[in-house]
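1. coords below, sequence missing:
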């Protein structure tokens, strides 16, 4: 039965992914994007911040990742809807123009920035979305053109309503932890964080969610900085202890690495009902809810002495 279930999951996921691939996104390669620049170009959002000025894809607009993040003490916190709407308007975002999110692409960890922005845009109602797979690193490898002129977008009048369809908040996560809601909790962090040996500076305590499965964000890469394709993502998803008919919640420290897991499971593997917990363990650790793998007193003191 388990083999049959896995096979069915792969078939469902891959067929869903193929169907999605017939539309714009969720990934685009440099050659395809370069060809799009000669026709009706998509809106290219370069999320690299200061690196934009040193050279960017022709026509790209600077949209720093920090503008899609929360404050220092809770980086994963959502940007308030009104503020997010104003930022999207200033970037010239509209519902009818496709959008490509471009990150640096120097590490697999960096992909989380693009995935988090993609998730934010999708939750804002945008449907024609893609991430440049491999980011600027792959663009440079392909020896495609760059420009240094700052592009000033024409502001839009987009009116957004932020959807909760792909969002899990602390109460919802606690409900899964306490067994009131059925679901799978996926921790996208490296094992050191999952095991409680390491903690984020903004977290109140290290550890993970009780019952969580550790699926490190790098699982979705094959040794490089390009994420796997839809077929491989479906195969990887099928090997996990997931139940497609139940809610799947991806989390990490601040909703960065977790965005990669969400993107891989939702947008590539085609699993239904995958949600991102934006505030993740930084937010959860500041509550009174139960946690797992929290180190004891001796281990905590040792971590403090060692500066971690």
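-> Received the coordinates, thanks. This structure is a prediction, so every number in the text was calculated from the model and none was measured. Numbers count the residues shown, from 1 in each chain.
2. quick one: low-confidence ranges for the stretch 1-150 of the chain?
-> In the predicted model, the stretch 1-150 of the chain carries pLDDT under 70 at residues 1-22.
3. pLDDT at the residue positioned nearest the centre of the chain, what is it?
-> Among the residues of the chain, the one closest to the centroid is residue 259, at 2.0 Å (C-alpha atoms, centre = their mean). The model reports residue 259 with a pLDDT of 98.
4. so it sits against residue 116, correct?
-> Yes - Residue 259 lies in contact with residue 116 (C-beta atoms under 8 Å); the separation is 3.9 Å. To be clear about C-beta, it is placed using only N, CA and C from the backbone, and glycine gets the same treatment.
5. okay, and the residue nearest to the centre of the chain sits in which element?
-> According to DSSP states H and E, residue 259 maps onto helix 257-262.
6. I'd like to know which elements that helix is packed against.
-> helix 111-123, strand 247-251, strand 274-276 (3 or more C-beta pairs under 8 Å, 6 or more residues apart in numbering; DSSP states H and E).
7. now do the residue nearest to the centre of the chain against residue 153, distance only.
-> 24 Å (C-beta to C-beta, to the nearest Å).
8. for the nearest residue to residue 194 once chain neighbours are set aside, grab the count of nearby residues.
-> In this structure, residue 194 finds its nearest non-sequential neighbour in residue 214, 4.3 Å apart by C-beta to C-beta, 6 or more residues apart in numbering. When neighbours are counted by other C-beta atoms under 10 Å, residue 214 registers 16.
9. check residue 163 too.
-> Other residues near residue 163 number 11, with proximity taken as other C-beta under 10 Å.
10. residue 296 now?
-> By the criterion of other C-beta under 10 Å, residue 296 has 9 neighbours.
11. strands along the stretch 51-200 of the chain, start to end?
-> Secondary structure of the stretch 51-200 of the chain (DSSP state E, counting those that start in this stretch): strands located at 61-62, 99-102, 129-132, 183-187.
12. so what's the backbone phi/psi at residue 236?
-> phi -60, psi -50 (degrees, to the nearest 10).
13. which residues touch the closest residue to residue 279 other than its chain neighbours?
-> The shortest distance from residue 279 to any non-neighbouring residue, by C-beta to C-beta, 6+ apart, is to residue 76 (4.5 Å). Contacts for residue 76 (C-beta atoms under 8 Å, 6 or more residues apart in numbering) come out as 69, 70, 253, 254, 255, 256, 278, 279, 280, 282, 283.
14. dump the residue contacts of the second one.
-> Right, the one you point to is residue 70. Neighbour list for residue 70: 76, 77, 78, 79, 254, 278, 279 [criterion: C-beta under 8 Å, 6+ apart].
15. coming back round to it: among the strands of the stretch 51-200 of the chain, which is the most enclosed?
-> Ranked by mean neighbour count, the strands of the stretch 51-200 of the chain are led by strand 99-102 with a mean of 26 (mean count of other C-beta atoms under 10 Å).
16. chain center to that one: distance?
-> Taking C-alpha atoms, centre = their mean, to the nearest Å, one finds strand 99-102 lying 13 Å from the centre of the chain it belongs to.
17. neighbours of the nearest residue to residue 87 once chain neighbours are set aside, how many?
-> Spatial nearest neighbour of residue 87, excluding adjacent residues (C-beta to C-beta, 6+ apart): residue 67 at 5.6 Å. A count of nearby residues for residue 67, using other C-beta under 10 Å, gives 18.
18. state the distance from residue 67 to residue 143.
-> 30 Å.
19. cool, residue 152 as well?
-> Applying C-beta to C-beta, the value for residue 152 to residue 143 is 27 Å.
20. same question for residue 234.
-> Taken as C-beta to C-beta, the span from residue 234 to residue 143 is 32 Å.
21. what of residue 296?
-> 54 Å.
22. between residue 234 and residue 143, which one's more packed in?
-> Set residue 234 next to residue 143 and count neighbours by other C-beta under 10 Å: residue 234 wins out with 26 against 8.
23. phi and psi next, for the more buried one.
-> Backbone torsions of residue 234, given as degrees, to the nearest 10, read phi -60, psi -40.
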